[in-house]
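In: sequence and computational prediction follow.
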Amino acid sequence: LEEARRLRAIAVDKTGTSTEGKPALTDVDSLGDRSELEVLRLAASLEAGSDHPVARAVTDGWAARAGEPAISLLEVAKFGSITGRGIEGTIEGRRYILGSHRLAEERGVCSAAVERLLETFEADGKTAMVLADETRALGVLAVADTVRASSKRAVADLKAADIEVVMLTGDNARTAAAVAKEVGIEVVRAELLPEDKVEAVDELVKRRGHVAMIGDGVNDAPALARSSIGIAMGAAGTDTALETADVALMQDDLRKVSDLVRLSRLTAAVLMQNITLAIGTKVVFFALALAGSATLWMAVFADLGASLIVVANGLRLLRSLPKSTNSH
C-alpha cells in the first residue's frame, strides 16, 4: 500500500492478464499427408500433461472435434518442456515438437508454407503453434483468446494517473501487437523468455524508478520477484505466481490495480495530514504551556481530541473505496 503510490510504470503479461486466459482452438492446418484430425491428435497427446491455458485449448479442441470416445490420445514418452518456446516428446518411436514460431525457426522447420500460415494467424491476433517431427513441419494450429472487457478501461485509468503501461509477453510479436492495440498499450516487447522479462523489468526500473509487474504464469514469477511490486491474478494465476507476488487480485480485473494506486496516494495524503495535525496540536499546546496560558481542557483536546480527529480523518478513506470493494 505504501509502495503503490510511487509507481511510475507497470508491465503486464498478455495471456491470462490482459486477456481472459481461456483460449479456444480455432484452426488446424495440415502440411503433409496426415489429416487435420491426425495432426490435432498428435498435438493434443503432447499437450495432455500440461495445465497451461493454451494446452487446455488444444486438448479441449481435440475432444470436441474427434467426436468418438473410442479414439484416445497417444502415449508420450520422454516428454520435455522447452522453456518459453514449447514442448517435445516421443510418440510411437518418433520425436515431435509443438511450439512457437521461434521454436520452428530454431529447429529449421519453418518453411514458406509455415510462414504464410503463421503470418495469417498472427495478424488476426491468434497464438499459432507448429507441430513438427525431426525433419519437417506437419501442421500449424491456432488458438484465440478474448481480451478482458476491463483491460482497456484499466490501461486508460493508469495512463490518466501518469503511469506508463508496457506489455511483456512470450507470445509472437504480431499477436502481442494486436492485443496491445485493442487495450491501448503502445509499448510491446514480445517473444520473451522468463529471463528476458526480468531484463525488461530491470530496464524499466532504471528508467522509471518504481515498477510493478502483473502476471499469472510460472514464466512471470522471476519478473514478479524483481519488480517493486509483483501483482498476480488471483483466480487465474498459478501457485508459483501467487507465492512470488506481493499482491493478489482476488477478482481478475486490472481496474483493481488503478484502484490500488489511487487508494495508496489517498492514504499517503491522509497520513501526512494526520501527522501534521497530531504534531501541530502538540506544538501549539506546548507553546501555550510555556506562555502560562494552557488549561486542563486544552491538554485533553491536545491528547484525546487530536486522536479522535486523526481517526475520523482516516475513516474518510472508506468513502474512497470502489463500490465493488466496499461490498466485500
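Out: Received, thanks.

In: show the low-confidence segments of the protein, by residue range.
Out: In the predicted model, the chain carries pLDDT under 70 at residues 68-71, 235-237, 322-328.

In: could you list the buried residues of the helix ranked longest in it?
Out: For the chain, the longest helix by residue count, based on DSSP state H, is helix 255-290. By neighbour count on 16 or more other Cβ atoms under 10 Å, the buried set for helix 255-290 is 255-265, 267, 270, 274, 278, 281, 285. Using the backbone N, CA and C atoms, a C-beta is placed for each residue, glycine as well.

In: same question, stretch 165-179
Out: 165-172, 174-179.

In: ok, which stretches of the stretch 201-328 of the chain are strands?
Out: For the stretch 201-328 of the chain, the strands defined by DSSP state E, counting those that start in this stretch cover 211-215, 229-233, 247-249.

In: identify whichever of these lies nearest to residue 103.
Out: strand 211-215 (21.3 Å; Cβ to Cβ).

In: pick the most buried one from the strands of the stretch 201-328 of the chain.
Out: Among the strands of the stretch 201-328 of the chain, strand 211-215 has the highest mean neighbour count (mean count of other Cβ atoms under 10 Å), at a mean of 30.

In: can I get it as PDB, trimmed to CA atoms?
Out: This file holds the C-alpha atoms of strand 211-215, laid out as PDB (Å, rounded to 0.1, in the frame of the first residue of the first chain):
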ATOM      1  CA  VAL A 211       7.800  -0.500 -11.400                       C
ATOM      2  CA  ALA A 212       5.000  -3.100 -10.900                       C
ATOM      3  CA  MET A 213       4.800  -6.400 -12.800                       C
ATOM      4  CA  ILE A 214       1.400  -8.100 -13.400                       C
ATOM      5  CA  GLY A 215       1.300 -11.700 -14.400                       C
END
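
In: sheet-wise, list the partners of it with their directions.
Out: Paired neighbours of strand 211-215 in the sheet (DSSP bridges): strand 9-12 (parallel), strand 229-233 (parallel).

In: quick one: contacts for residue 284?
Out: residue 302 (Cβ atoms under 8 Å, 6 or more residues apart in numbering).

In: still on that earlier bit, turn the strands paired with strand 211-215 into TSV, including distance to residue 202.
Out: Shown next, in TSV, are the strands paired with strand 211-215 (distance: least, Cβ to Cβ, whole Å):
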stretch	distance to residue 202
strand 9-12	11
strand 229-233	14
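
In: what about residue 249, distance to residue 7?
Out: The spacing between residue 249 and residue 7, counted by Cβ to Cβ, to the nearest Å, is 15 Å.

In: now do residue 52
Out: 29 Å.

In: out of those two, which sits in the busier spot?
Out: For residue 52 and residue 7, the more surrounded residue by other Cβ atoms under 10 Å is residue 7, and the numbers stand at 25 against 19.

In: the helices in the protein, which residues?
Out: 36-47, 53-66, 101-106, 112-123, 151-160, 173-183, 194-208, 221-226, 239-244, 255-290, 296-300, 306-315, 323-326.

In: how far off centre is stretch 287-297?
Out: 58 Å (Cα atoms, centre = their mean, to the nearest Å).

In: please apply the same query to stretch 13-30.
Out: 14 Å.

In: just to revisit the earlier point, just put the strands of the stretch 201-328 of the chain in TSV and tack on distance to residue 190.
Out: Converted to TSV, the strands of the stretch 201-328 of the chain look like this (distance: least, Cβ to Cβ, whole Å):
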stretch	distance to residue 190
strand 211-215	15
strand 229-233	20
strand 247-249	23
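
In: what sits against residue 224?
Out: Here residue 224 is in contact with 213, 215, 230-232, 241, 244-245 (Cβ under 8 Å, 6+ apart).

In: identify the residue nearest the geometric centre of this structure.
Out: residue 215 (2.6 Å; Cα atoms, centre = their mean).

In: ok, it touching residue 242?
Out: No - between residue 215 and residue 242 there is no contact under Cβ atoms under 8 Å: 10.5 Å.

In: list residues touching both of the two?
Out: residue 232.

In: for the nearest residue to the residue nearest to the centre of the chain once chain neighbours are set aside, phi and psi?
Out: Of all residues not flanking residue 215 in the chain, residue 13 sits nearest, at 4.1 Å (Cβ to Cβ, 6 or more residues apart in numbering). The phi/psi pair for residue 13 (degrees, to the nearest 10) reads phi -80, psi 170.

In: what's the closest of the contacts of residue 224 to residue 193?
Out: Minimum distance to residue 193 across the contacts of residue 224 is 13.8 Å, recorded for residue 215 (Cβ to Cβ).

In: what's the closest one in contact with, if anything?
Out: 12-13, 16-17, 221, 223-224, 230-233, 237, 241.

In: got it, and residue 192?
Out: Counted by Cβ under 8 Å, 6+ apart, residue 192 has contacts 84, 168-170, 200.

In: let's go with 6 Å and repeat that
Out: Counting by Cβ atoms under 6 Å, 6 or more residues apart in numbering, residue 192 touches 168, 170.

In: from residue 13, how far out is it?
Out: 10 Å.

In: from residue 301, how far off is the residue lying farthest from the centre of the chain?
Out: Most distant from the centre of the chain: residue 292, at 62.4 Å, with distances by Cα atoms, centre = their mean. With distances taken as Cβ to Cβ, residue 292 is found 18 Å from residue 301.

In: that concludes my questions; thank you for your assistance.
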